[in-house]
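>>> Quick one, what's the 3D model for this:
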Amino acid sequence: MSFNRDIKIDSKRVSTRGGRGALIGGGSIVAVIAVLLVSRLTGLDLSGLFGSSAETAGSYATSSNIDMSVCNDGASANKYTQCRMVAVAESLDAVWGEQLPAQGGTAYQKPGFVLWDGARVSTACGSASSAVGPFYCPGDSTVYLDMSFFSQMESTLGAADTPLAEEYIVAHEFGHHIQNLLGVMNRTDRAGSGATSDSVRVELQADCYAGVWVHYAATTADPDTGTPFLVEPTRAEVQTALDAAAAVGDDHIQQRSGSGVNSDTWTHGSSEQRVRWFTTGMESGSLTQCDTFAVSGSDL
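A predicted model of the protein is given here:
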């Protein structure tokens with residue numbers, strides 16, 4: 001999904017961090033790599049197994065290598081991943097700035113958005129390793145995205161690293177922010193697991209909200225230029241987003257890890273569910289249609 005070349009973007013919309021590097025001692029580097037790989041494949045944050053020393057004497061600050069100086073318009077967003085992140089954030093701000101008050105009766109507040117490229121990053125939800133992948137922290141209303149994630153989408157999850165696939169990932173995390181603004185985060189039990197758990201319903205709703213963004217993205221204008229942020233996506237581009245949604249399904253991740261499919265441990269939903277709810281939001285553009293808590297387990 002390409003951005004119109006003439007839109008203007010502000011690189012200050014996105015923050016960058018270098019994270020923290022760890023001086024690991026007293027253990028096997030093979031074990032460390034194994035933990036990181038399992039975290040990637042399962043979606044579980046196992047970074048706590050390293051202990052607290054990674055944030056004390058055994059850590060050091062690193063500077064970010066993410067160059068935001070090249071980010072100023074739609075052309076740069078189509079060329080550079082970091083600029084695409086700025087443009088998609090501004091597009092999401094514009095879409096939700098209109099749709100959340102109109103459909104949800106709630107004022108939109110922009111979330112923070114941090115791109116990082118280090119071993120670890122500190123957040124209000126705790127310290128996260130690069131193994132965790134993109135996530136939203138309700139404690140500081142911020143989306144965190146490790147820039148190495150996109151380069152591993154294809155090798156680890158089997159999803160092509162395409163612009164709309166990347167944008168879907170960001171839109172999903174912004175979907176969690178919309179849930180936070182609507183009070184969903186406080187009303188649900190996100191600690192459980194299982195095919196019909198609140199955890200799965202929260203994730204599928206965020207997928208649906210990502211679809212809502214796609215529905216309006218090509219018709220919502222950049223306030224600075226009056227030009228729509230994005231060009232209408234082609235069928236092939238939409239398919240890459242659907243493929244990305246399928247790639248992060250719990251069953252798909254379990255199959256790729258060789259552990260066998262066990263729906264009792266699901267926290268995000270199956271590939272079929274994630275594709276279906278993303279499609280629901282994309283086709284309807286309706287928050288009401290995204291109410292995953294209103295359907296029975298068999299219809300989820």
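>>> in what helix or strand does the nearest residue to residue 289 once chain neighbours are set aside lie?
Once flanking residues are discounted, residue 289 sits nearest to residue 280: 5.5 Å by Cβ to Cβ, 6 or more residues apart in numbering. Any C-beta I mention is one placed from the backbone N, CA and C, and that applies to glycine too. Take DSSP states H and E as the rule and residue 280 turns out to sit in helix 271-284.
>>> what sits against residue 168?
With contact taken as Cβ atoms under 8 Å, 6 or more residues apart in numbering, residue 168 is in contact with 210, 214, 241, 244-245, 278.
>>> quick one: which of the residues you listed sit in helices?
In helices, judged by DSSP state H, the following of those are found: 210, 214, 241, 244-245, 278.
>>> returning to that earlier point: tell me which two of the contacts of residue 168 sit farthest apart.
Farthest pair in the contacts of residue 168 (Cβ to Cβ) is 214 and 244. Separation: 12.0 Å.
>>> Got the phi and psi for residue 107?
Backbone geometry at residue 107, expressed as degrees, to the nearest 10, gives phi -70, psi 140.
>>> Excluding chain neighbours, give the residue nearest to it in space.
Spatial nearest neighbour of residue 107, chain neighbours left out: residue 101 (5.9 Å); criterion: Cβ to Cβ, 6+ apart.
>>> what ranges of the stretch 1-150 of the chain fall below the confidence cut-off?
Across the stretch 1-150 of the chain, the ranges flagged by pLDDT under 70 are 19-62.
>>> try the stretch 151-300 of the chain
154-160.
>>> Distance check, the residue nearest to residue 289 against residue 220.
Distance, residue 280 to residue 220, using Cβ to Cβ, to the nearest Å: 19 Å.
>>> swap in residue 177?
Applying Cβ to Cβ to residue 177 and residue 220 gives a distance of 17 Å.
>>> Which one's more surrounded, these two?
Using other Cβ atoms under 10 Å, the more surrounded residue of residue 177 and residue 220 is residue 177, with 27 against 21.
>>> Going along the chain, name the helices of the stretch 201-300 of the chain.
Assigned by DSSP state H, counting those that start in this stretch, the helices in the stretch 201-300 of the chain fall at 235-247, 250-257, 271-284.
>>> export the ones you listed to a markdown table and tack on mean neighbour count and distance to residue 89?
Output for the helices of the stretch 201-300 of the chain, formatted as a markdown table (neighbours: other Cβ atoms under 10 Å; distance: least, Cβ to Cβ, whole Å):
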| stretch | mean neighbour count | distance to residue 89 |
| --- | --- | --- |
| helix 235-247 | 19 | 17 |
| helix 250-257 | 19 | 26 |
| helix 271-284 | 21 | 18 |
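>>> Nearest to residue 181 among the ones you listed would be which one?
Distance to residue 181, taken as Cβ to Cβ, is lowest for helix 271-284 among the helices of the stretch 201-300 of the chain, at 16.5 Å.
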